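Asker: I'd like to go over a predicted model; first the sequence, then the structure.
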2 protein chains.
Amino acid sequence: MVKIAGGFGASELFQFLRDGEPRTRAELAQLTGLARSTISLRIDELLEHGLVTPVGEAVSTGGRPPAQIALNPGARVVVAADLGATHGRVAITDLSGTVLRSVFEDLVIDNGPEVVLDWLVLTINRLMVECDRPISDLVAVGIGLPGPVEHESGRPTNPPIMPGWDGYDVPAHMRRTFSVPILVDNDVNIMALGERAMGWPDADNIIFVKVSTGIGLGIIGGGVLQRGAQGIAGDIGHVKIPRGAGVVCKCGNEGCLEAIAGSPAIIADLRGIGRDITTVAELVALVKSGDTSAIQAVRQAGRDIGEVLTVCVSIINPSVITIGGALAQAGEHIIAGVREVVYSRSTPFAAEHLSIVQSRAGEMAGVAGASIMAIERALSPEGIEGIGA
Amino acid sequence: MVKIAGGFGASELFQFLRDGEPRTRAELAQLTGLARSTISLRIDELLEHGLVTPVGEAVSTGGRPPAQIALNPGARVVVAADLGATHGRVAITDLSGTVLRSVFEDLVIDNGPEVVLDWLVLTINRLMVECDRPISDLVAVGIGLPGPVEHESGRPTNPPIMPGWDGYDVPAHMRRTFSVPILVDNDVNIMALGERAMGWPDADNIIFVKVSTGIGLGIIGGGVLQRGAQGIAGDIGHVKIPRGAGVVCKCGNEGCLEAIAGSPAIIADLRGIGRDITTVAELVALVKSGDTSAIQAVRQAGRDIGEVLTVCVSIINPSVITIGGALAQAGEHIIAGVREVVYSRSTPFAAEHLSIVQSRAGEMAGVAGASIMAIERALSPEGIEGIGA
DNA sequence: CGACTTTCGTCGAATATCGACGATAGGATC
DNA sequence: GATCCTATCGTCGATATTCGACGAAAGTCG
């Protein structure tokens, strides 16, 4: 039987401690409306499972100082995996999202799901051993993939890259080894989650822009991640922009944003005027070296992206836009281009409270978000139930 | 004390009956995990308050046929008000959203909040009398206003029209007479709510387009209404489109969508070639009469709006776009223009499962949405608590 | 028409929650 | 530094709520 109603058990009380803030029993009684004695019973239960710990004492208000209870982040761990086209980052984090151990390795997503996910399983096992943690401490796995994912089922859908992954049941594969919840999502989506967690915890409307080979948006609107009807919300790489007239995109259309402002386009342009670069890393290095043409090209890309973001601002009305992805490593030039266009085109009221800044989470945005996604599930009332409370 | 935890009272059980579907006691026991005897106690409580009623019997499965219990929509009523710049529609609806009585009257929003809201109060009182309902049956009021509203506080913020309304505490004014929850939102937002309820109950990602004097979007993403950081999400009237180059908008910029595709622009164009029209209604009539120039103008407006909607599709990835507002009354011409652009520009995958259709709720979208918003609040656990369960 | 099946309402039993009380651990006062 | 005061903590009996069983009720099926 699925327990929906029923009493106020330890898992329900635990929800009031999820944020990591230490609280006294009295505070919890106030919050929940239960008697202090009942709270104590629940706390004992949670203490037994190690999910919470006493955290010193609060200041006395004239009598015996109240003991503070807080989430014990080290009680369990989750896996956060951010898989790209050519690299993968896998981390073990505790329940506060703190990375305990991580690896960044080459990886060929084109090898297909069997090979890649088997590698992921091995890597997780290895990291768990290195952390000196039994597998039983693992309570959830979050995975980001470089393409559209139907989040409910965890299956990639129509990915433009990732041959062999279309419709593959990623959670089922992972559950063959780890019998815990497996959460899968688009890499840009989890980056948005990570970015919010690390930099803008109070922002309910935030847009994360990934600028790299492709250009994509992770959108948090009304406090929740926006995935859209088919999991392809934020897929702005093939929006048509005026400056792209005549430029053919690999998607078959012409004038796509990606075909003008994506890193391959910028690199090709710079090669055309004699710069010997082929990778994004080399492009970033060239910009950082102060090469004027490269700087101009990147700034123009920022302007082009800004064209589309201006419309996003009108539609979503975010309070923050953060720019991340490999190309964002090249300093403020892209952002300067974005700002130039967005601030001049948006209505004053919308622009007034809008921050456009570089990603604070940087390269860790992906694993941070995957970790959040996994923790969120693990600590939910249903998840906690499974853990043992 | 705010009751947060505590037992499973009648208000909690009520949540399982909110959808209006009749259920047997056994089904409710299954759903909630409570014993049948406990369910019976709660049902009795709800029956006493009249919030639910027995609805015949379900088919016997070999024994005594189970009695069906369902929400009693007539138990209470809510007020739904859709106030525009020059007209207002006010309705009394039951808890299923069925309109019991409504009026559509001229109204000058420029008269300011005091005058307009006093009129609203009088109108509500009159309608309640006409419905033969005591004021005590009223449990919530939903109001839509033609401008940005900070929904949490119910105050208009920086409205481009509605002089005198900026920052006015609408709920406080209404509560002077009706001590019930007062919900206020942008008119386009409530139209989106109404449209979904009346036409697309299962769509979690839907865009409602209001095409009239202004052009705005009501966006439901991930199942929740998207309001944005300042309540101006979906405000696409001043997005720049290429065809608008050189056309000055009343906002001061040039090339705004509204300055090209809004009804004043279309009317001005048609007057320029000798058509004697001044109002939207006349424009609609002209289109319906088969005037080729008018049809072409409206279709072109559809294409212009489609330009912006194409970007929306990439960003939001909706499953439905519905076109409403005064101009949408002019038949399929606008929609044809929108489809023309959106379907040809969007990625095949996004376009494949996207329906672009005329509003099903039509002129009632606003009050339908305001009614939903009010009912939603009234039937929530906190709201029901206040009603008496 | 009687046996069977399933639901409904009631009531005692089981369980969970509450409130009070003494113990505990500091701060305040002299 | 000893004593009083205050506020929290853990325990335990009292209380309220929920459960499960039982008989009555209301149909179906043979």
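Answerer: Cool, the structure landed.
Asker: got a list of what the closest residue to A:Pro159 other than its chain neighbours touches?
Answerer: The shortest distance from A:Pro159 to any non-neighbouring residue, by C-beta to C-beta, 6 or more residues apart in numbering or on different chains, is to A:Gly147 (3.1 Å). From N, CA and C alone the C-beta is placed, and that goes for glycine too. By C-beta atoms under 8 Å, 6 or more residues apart in numbering or on different chains, the contact set of A:Gly147 is A:Pro156, A:Asn158, A:Pro159, A:Pro160, A:Ile161, A:Met162, A:Trp165, A:Asn186.
Asker: now, which of those residues lie within strands?
Answerer: Judged by DSSP state E, the contacts of A:Gly147 include A:Pro156, A:Asn186 as members of strands.
Asker: for the contacts of A:Gly147, give me TSV that also has pLDDT, distance to DNA strand D and neighbour count.
Answerer: Conversion of the contacts of A:Gly147 to TSV gives the following (pLDDT from 0 to 100; distance: C-beta to the nearest atom of the strand, whole Å; neighbours: other C-beta atoms under 10 Å in any protein chain shown):
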residue	pLDDT	distance to DNA strand D	neighbour count
A:Pro156	97	42	25
A:Asn158	91	46	19
A:Pro159	93	47	19
A:Pro160	90	51	16
A:Ile161	90	51	15
A:Met162	94	48	21
A:Trp165	97	45	23
A:Asn186	96	41	28
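Asker: nearest to A:Arg23 among the contacts of A:Gly147?
Answerer: A:Asn186 (35.3 Å; C-beta to C-beta).
Asker: which pLDDT does the model give the nearest residue to A:Leu107 once chain neighbours are set aside?
Answerer: In space, and not counting its chain neighbours, A:Leu107 is closest to A:Gly88: 3.9 Å by C-beta to C-beta, 6+ apart. For A:Gly88, the pLDDT comes out at 96.
Asker: count the residues that sit near A:Gly88.
Answerer: 24 (other C-beta atoms under 10 Å in any protein chain shown).
Asker: how about the closest residue to A:Gly199 other than its chain neighbours, what does it touch?
Answerer: Closest residue to A:Gly199 apart from its sequence neighbours, by C-beta to C-beta, 6+ apart: A:Arg360 at 3.4 Å. A:Arg360 makes contacts with A:Glu195, A:Met198, A:Gly199, A:Trp200, A:Thr322, as judged by C-beta under 8 Å, 6+ apart.
Asker: next structured bit after the helix or strand hosting A:Ile190?
Answerer: Using DSSP states H and E, A:Ile190 sits within helix A:187-199. The first helix or strand that comes after helix A:187-199 along the chain, using DSSP H and E, is strand A:206-211.
Asker: which stretches of the stretch 251-389 of chain A form helices?
Answerer: A:257-261, A:263-272, A:280-288, A:292-316, A:333-345, A:348-352, A:365-379, A:381-387 (DSSP state H, counting those that start in this stretch).
Asker: tabulate the ones you listed (TSV), appending mean neighbour count and mean pLDDT.
Answerer: As requested, the helices of the stretch 251-389 of chain A are exported to TSV (neighbours: other C-beta atoms under 10 Å in any protein chain shown; pLDDT from 0 to 100):
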stretch	mean neighbour count	mean pLDDT
helix A:257-261	24	94
helix A:263-272	18	95
helix A:280-288	19	94
helix A:292-316	24	96
helix A:333-345	20	95
helix A:348-352	16	88
helix A:365-379	27	96
helix A:381-387	17	80
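Asker: between those helices, which gets nearest to A:Asp204?
Answerer: helix A:292-316 (11.1 Å).
Asker: quick one: that closest one to helix A:333-345, angle?
Answerer: Put simply, helix A:292-316 runs at 40 degrees to helix A:333-345, going by axes from the mean of the first three to the mean of the last three C-alpha atoms, to 10 degrees.
Asker: show me how far helix A:292-316 is from its chain's centre.
Answerer: Its chain's C-alpha centre and that of helix A:292-316 lie 22 Å apart, by C-alpha atoms, centre = their mean, to the nearest Å.
Asker: tally of neighbours for the residue of the stretch 51-200 of chain A found nearest DNA strand D?
Answerer: Of all residues in the stretch 51-200 of chain A, the one sitting closest to DNA strand D is A:Gly63 (1.9 Å; C-beta to the nearest atom of the strand). Other residues near A:Gly63 come to 6 when the count uses other C-beta under 10 Å.
Asker: and for the one 5 residues further on?
Answerer: By other C-beta under 10 Å, the residues close to A:Gln68 number 17.
Asker: find the nearest non-adjacent residue to it, please.
Answerer: Spatially, and ignoring its direct neighbours in sequence, A:Gln68 is nearest to A:Pro22 (3.9 Å; C-beta to C-beta, 6+ apart).
Asker: thought that neighbour was touching A:Glu57?
Answerer: No - contact criterion C-beta atoms under 8 Å: A:Pro22 and A:Glu57 do not qualify, at 9.8 Å.
Asker: looking at those two, which one has more neighbours?
Answerer: The neighbour comparison of A:Pro22 against A:Glu57 (other C-beta under 10 Å) goes to A:Pro22, with 18 against 13.
Asker: give me phi/psi at the more buried one?
Answerer: Here is the backbone geometry of A:Pro22 (degrees, to the nearest 10): phi -70, psi 140.
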